[in-house]
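> only the shape, not the letters, is given here:
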């Protein structure tokens, strides 16, 4: 018999990969729980697909999935609102449209990008969303030539809070796009990173492959120098500077600003502290999934949709066990899997604690990535 009112009230915050995977996992295990989803809009923005917006392979309409049908199938109550804080030990969620109470809470509102670097307003941060990718598309269309700088950095207080993979895809995708358009010779492309081994979380084989691909494509590198600032037409580092007519930069990640309106424990980098079971230590029935959390694990553990899906499954099972008075200790698998795409071909990188594989670039892997997108989004359409 449930320790709490039956059915239990479960609130999930967010409408991204982690949040929606949590909803699916909860509903598979409990047909009767009262699930409430809180997010600004009942939409999933499929951000892995934004790499194809500059080339025209994808548009906003392709990547924004209305969630009305999904929420109806899952019997979920949707509350359109921004989260502003928590009280009563997490049992009350404060939002821009009132309060939502719960018996258990899952936080999956993602993270935000650090914007402390001087002059960062001169750079486009691609993973901020579809609008950012559209800005890149429009800028490329209007540029007759020049220098394009592409780079990323991590949160200095939390090195794992970084999303570098998409930047390699924008880098190679833009190079391929300009070649297709017959104007690559009018551009210089520069990849910059504070590390001498960019992408080392993907594994040593991947670093060697990525740097080799840059050399093959004639992409200049500026590596191993801490960033100092951006200017309207320049990237400045401690190891020198170079001109840039278009700067694409992915800074490290930190926690949402509304986390400050809670007493939840934080990691050094500002994320929500989590244990191996996706519980937030020192709280009762509060869980975190995806980019919002700082989880124990290897230093290469990725911030990606696949990892959020794995965490969501563990969080759902542990949450329902806790509500039944039978605490569970399910952990999540740590796995990095990605296809680094370049418009018409891709390279598969797979890493687990025991293995690290790389499959060289083929057209088949590009179509595999597109097939995965279709199949993944089908469950929400």
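Yep, it's here. Predicted model, so just to flag it, every value in this text is computed and none were measured.
> now the host helix or strand of residue 316, how far from the chain's geometric center?
When secondary structure is defined using DSSP states H and E, the element that contains residue 316 is helix 305-323. Helix 305-323 has its average C-alpha position 17 Å from the chain's average C-alpha position, going by CA atoms, centre = their mean, to the nearest Å.
> that helix: what's the following helix or strand?
On the C-terminal side of helix 305-323, the closest following helix or strand by DSSP H and E is strand 336-341.
> quick one: buried residues of that next one?
336, 338, 339, 340, 341 (16 or more other CB atoms under 10 Å). For glycine as for every other residue, the C-beta is placed from the backbone atoms N, C-alpha and C.
> can I assume the last one is in contact with residue 367?
So that's residue 341. No - Residue 341 lies out of contact with residue 367 (CB atoms under 8 Å); the separation is 10.2 Å.
> taking the centroid of the chain, which residue is nearest it?
Nearest to the geometric centre of the chain sits residue 304, at 4.8 Å (CA atoms, centre = their mean).
> got the phi/psi numbers for that residue?
For residue 304, the backbone dihedrals (degrees, to the nearest 10) come out as phi -150, psi 160.
> hang on, isn't it packed against residue 338?
Yes - between residue 304 and residue 338 a contact is recorded at 6.7 Å, counting by CB under 8 Å.
> now do the shared contacts for the two.
Between them, residue 304 and residue 338 share the neighbouring residues residue 165, with contact defined by CB atoms under 8 Å, 6 or more residues apart in numbering.
> on that earlier part again, state the distance from the residue nearest to the centre of the chain to residue 230.
Applying CB to CB, to the nearest Å, the value for residue 304 to residue 230 is 26 Å.
> likewise for residue 183?
With the distance defined as CB to CB, residue 183 ends up 25 Å from residue 230.
> again with residue 35
In terms of CB to CB, residue 35 sits 43 Å off from residue 230.
> who has more neighbours out of those two?
Neighbour comparison, residue 35 and residue 230: the larger count goes to residue 35, with 23 against 20 (by other CB atoms under 10 Å).
> what sits opposite that one in the beta ladder?
For residue 35, the beta-bridge partners under DSSP bridges are residue 10, residue 76.
> report the contact partners of it.
Taking CB under 8 Å, 6+ apart as the definition of contact, the neighbours of residue 35 are 10, 11, 12, 23, 26, 27, 74, 75, 76, 77.
> contacting residues around the second one?
The contact partners of residue 11, taken as CB under 8 Å, 6+ apart, are 35, 36, 37, 38, 93, 100, 101, 102, 104, 105, 106.
> go on, residue 296?
274, 275, 276.
> now residue 97
With contacts taken as CB under 8 Å, 6+ apart, residue 97 has the following neighbours: 79, 80, 81.
> still on that earlier bit, of the contacts of residue 11, just the buried ones, ChimeraX syntax please.
Buried residues within these, by 16+ other CB under 10 Å, are selected in ChimeraX with:
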select :35,36,37,38,93,100,102,104,105,106
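> tell me the one of the contacts of residue 11 nearest residue 64?
Minimum distance to residue 64 across the contacts of residue 11 is 16.8 Å, recorded for residue 37 (CB to CB).
> so the closest one is in contact with residue 75, correct?
No - judged on CB under 8 Å, residue 37 makes no contact with residue 75 at a distance of 11.1 Å.
> tell me, how many residues neighbour residue 234?
Residue neighbour count, defined by other CB under 10 Å, stands at 17 for residue 234.
> contacts only, for it.
241, 242, 243, 244.
> please redo it, this time with the cut-off set to 6 Å
When contacts are counted by CB atoms under 6 Å, 6 or more residues apart in numbering, residue 234 touches 241, 243.
> for residue 221, same thing?
For residue 221, the set of contacting residues under the criterion of CB under 6 Å, 6+ apart consists of 191, 214.
> state whether it is indeed within a helix.
No - counting by DSSP: H, G, I helix; E, B strand; the rest coil, one finds residue 221 to be strand, located in no helix.
> now the closest residue to residue 25 other than its chain neighbours: how far from residue 202?
Nearest non-adjacent residue to residue 25, counting by CB to CB, 6 or more residues apart in numbering: residue 316, 3.5 Å away. Here the distance between residue 316 and residue 202 works out to 28 Å (CB to CB).
> ok so, going back, which among the contacts of residue 296 count as buried?
Here the buried ones among the contacts of residue 296, as counted with 16+ other CB under 10 Å, turn out to be 274, 275.
> pick the one among the contacts of residue 296 closest to residue 65.
Ranked by distance to residue 65 (CB to CB), the contacts of residue 296 are led by residue 274 at 27.3 Å.
> just confirm residue 370 is within a helix.
Yes - assignment of residue 370 by three-state DSSP places it within a helix.
> look up how far residue 363 lies from it.
When CB to CB is the yardstick, residue 370 and residue 363 sit 11 Å from each other.
> also residue 268?
With distances taken as CB to CB, residue 268 is found 43 Å from residue 363.
> one more: residue 90?
The spacing between residue 90 and residue 363, counted by CB to CB, is 48 Å.
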